[in-house]
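Chemist: model this:
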Amino acid sequence: MKRQPSRQPNDLTTGPITRSLLLLAWPVMLSNLFQTLYNFADRLWLGRWGSVGIAAVQISFPLVFLTISVAGGITVAGMALIAQYTGANREEDANLAAGQVFVFSAVLATILAVIGYFAAGPVMSLMGADPELTAAATTYLQIIFIGAPLMFSTFLFAALLNGVGDTVTPMILMGVSVGANIILDPLFIFGWGPFPEWGVMGAAVATVLSRGLVALAGFYLLFSGKLGIHIRASHLKPRWGQIRQIASIGSMASIGQTGTALGFTILNGALARLGTAVISAFGIGAAFISIALMPAMGLGQATATMVGQNLGASKPERARRVAWDGMLISTLILVAAAALVIPFRSHLIRFFMSDPEVLEIGGHMLLLVGFAFPFMGIIQVMTGVYQGSGHTAYSMFFGLFRLWGLRIPLIYLLAYVLAWGATGVWWAMFWSNLGTALVSLGCFLTGNWARQVIKTGHGENVST
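Modeler: Down below sits the predicted model:
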């Protein structure tokens, strides 16, 4: 007799839409906060160990983010497929899709781990840093890449459970992982008690071990059938048709995230040319923007899950209402956030730095960008719509269009050609968010997202 999971998938195809969105969104918000604490803990302990520690993590970030971008793309594919199969009440197809995503991500993570391990040294040498920093960053990266399969597994576990409407379990495990990292960091960095003093290498080991804790727990839950997904050994046999579909959906999301990362790298370079005060103000302002956007990011993920399930259930009109409700809630929250940030912007900047020039520049940034908060929320929700529907080419386009199509050209036009300086950068941010929100909303109104990426006949899509 086939064993049934003790917890059934969360049916999001009926019932109040707003309530379901909020119930799905708040754990994602906390998970994002936990991820922020992850990075904060590493920098806090390494800062006490020595300046080379923080510098090694910072200079390594582009390569780490590239790996995260690839992992994120594959997990978007898994979430979309699981959500649509769940909405269609095709439990076995959802389990099989989860197994195929698991196999594909395991192979990809292993390949990236090998390439990253051997490329870390040469890439860090090209950065032109001093030998001590290059050696520390290389060691840090090599250990992180050894743990790449574990990193992939944590993202994968969260995405698969998000697809069945469970955002609480990934949040809990992320909280456990963060707690473990906070405890392990000082033990391995400073060599407290019986532990060796490994410095930067210790921070990397702590990260890999804490990620591994979540990965092992996730493996157990996915393969035991205790949650809405139950992967069995038979699901791990490659089905090349479905793997091609996963690669197709995931590659678009990965390209979008990678292009966004590269765009922000160029943006930082443009800001650096305007002076230290400008890039300092941007860094401080960006921290508050990230906090303000956490609810919208959670709503974007909740929208993706609900849109996916309702499309799978052949309920495109309900999926459409999900999108509109997500945009409405996001807009209300971010209007409230703007109402708090704009009047108190100088006090917020002063919390980090009291330099008069930074205060003036940062205050102007939060004034202009604060008015764009609602547009950022619309972009997050629209991205969720296209990711949940599996049409990730559009969500990729929104991210690339905002940076490469609008923001970077506008920065060079306004800040340099018209000599507006930092003011031109902030206006470029405002117009790029407004323009992308309008474009994404226009695409949504065409209804090009309202088509399933799973085949209609039971098992057709998974038997190739």
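Chemist: Tell me the pLDDT of Thr303.
Modeler: As summarised for this prediction, Thr303 has a pLDDT of 96.
Chemist: Assign it to helix, strand or coil.
Modeler: The three-state label given to Thr303 by DSSP: H, G, I helix; E, B strand; the rest coil is helix.
Chemist: average pLDDT for the strand or helix carrying Val208?
Modeler: Assigned by DSSP states H and E, Val208 falls within helix 200-224. Per-region confidence: helix 200-224 scores 91 on mean pLDDT.
Chemist: Show me what secondary structure element comes after it.
Modeler: Moving toward the C-terminus from helix 200-224, the next helix or strand (DSSP H and E) is helix 240-272.
Chemist: helices or strands next to that next one in the packing?
Modeler: Judged by 3 or more Cβ pairs under 8 Å, 6 or more residues apart in numbering; DSSP states H and E, the packing partners of helix 240-272 are helix 51-87, helix 91-126, helix 276-312, helix 392-400, helix 408-411. From N, CA and C alone the C-beta is placed, and that goes for glycine too.
Chemist: how about 6 Å then?
Modeler: helix 51-87, helix 91-126, helix 276-312, helix 392-400 (3 or more Cβ pairs under 6 Å, 6 or more residues apart in numbering; DSSP states H and E).
Chemist: average pLDDT for the following helix or strand past the third one?
Modeler: Remark: after helix 276-312, the chain's next helix or strand is helix 316-341, criterion DSSP H and E. Throughout helix 316-341, pLDDT has a mean value of 96.
Chemist: for stretch 47-57, same thing?
Modeler: Mean pLDDT, computed over stretch 47-57, is 77.
Chemist: quick one: contacts of whichever strand or helix holds Leu150?
Modeler: For Leu150, the host element (DSSP H and E) is helix 148-163. By Cβ atoms under 6 Å, 6 or more residues apart in numbering, the list of residues contacting helix 148-163 from outside reads 67, 71, 75, 78-79, 82-83, 98, 105, 109, 112-113, 169-170, 211-212, 214-215, 218, 229, 305.
Chemist: What lies in contact with the helix holding Val208?
Modeler: By Cβ under 6 Å, 6+ apart, the surrounding residues in contact with helix 200-224 are 42, 46, 53, 56, 136, 139-140, 143-144, 147, 150-151, 153-154, 157, 173, 177, 180-181, 184-185, 188-189, 227, 229, 231.
Chemist: which ones are touching Leu236?
Modeler: 99, 103.
Chemist: Could you look up the SS state of Gly442?
Modeler: Three states are possible here, and by three-state DSSP the one that applies to Gly442 is helix.
Chemist: Low-confidence bits of the stretch 251-400 of the chain, can you list those?
Modeler: Low-confidence regions of the stretch 251-400 of the chain, defined by pLDDT under 70, span residues 265.
Chemist: if you set the cut-off to 90 instead, what comes out?
Modeler: For the stretch 251-400 of the chain, the stretches flagged by pLDDT under 90 are 251-292, 346-359, 362.
Chemist: What distance do you get for Phe190 to Thr207?
Modeler: Here the criterion is Cβ to Cβ, to the nearest Å. By it, Phe190 lies 16 Å from Thr207.
Chemist: and what of Pro295?
Modeler: When Cβ to Cβ is the yardstick, Pro295 and Thr207 sit 27 Å from each other.
Chemist: between these two, who's got more neighbours?
Modeler: The residue with more neighbours, out of Pro295 and Thr207, is Thr207; 28 against 24, by other Cβ atoms under 10 Å.
Chemist: What residues of stretch 196-210 count as buried?
Modeler: Along stretch 196-210, these residues count as buried under the neighbour rule (16 or more other Cβ atoms under 10 Å): 198-210.
Chemist: next one: stretch 260-276
Modeler: So for stretch 260-276, counting by 16+ other Cβ under 10 Å, buried means 260-264, 267, 270-271, 274.
Chemist: Would you check the distance separating that stretch from the middle of the chain?
Modeler: Centroid separation for stretch 260-276 versus its chain: 20 Å, with Cα atoms, centre = their mean, to the nearest Å.
Chemist: Then stretch 327-336?
Modeler: 20 Å.
Chemist: From the contact counts, what lies against whatever helix or strand Leu37 lives in?
Modeler: Taking DSSP H and E as the criterion, Leu37 maps to helix 17-49. Packed against helix 17-49 by the contact rule (3+ Cβ pairs under 6 Å, 6+ apart) you find helix 51-87, helix 168-190, helix 276-312, helix 316-341.
Chemist: rewinding a little: with distance to Leu328 as added columns, please give the helices and strands packed on helix 240-272 in a markdown table.
Modeler: Putting the helices and strands packed on helix 240-272 into a markdown table (distance: least, Cβ to Cβ, whole Å) gives the following:
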| stretch | distance to Leu328 |
| --- | --- |
| helix 51-87 | 21 |
| helix 91-126 | 30 |
| helix 276-312 | 10 |
| helix 392-400 | 19 |
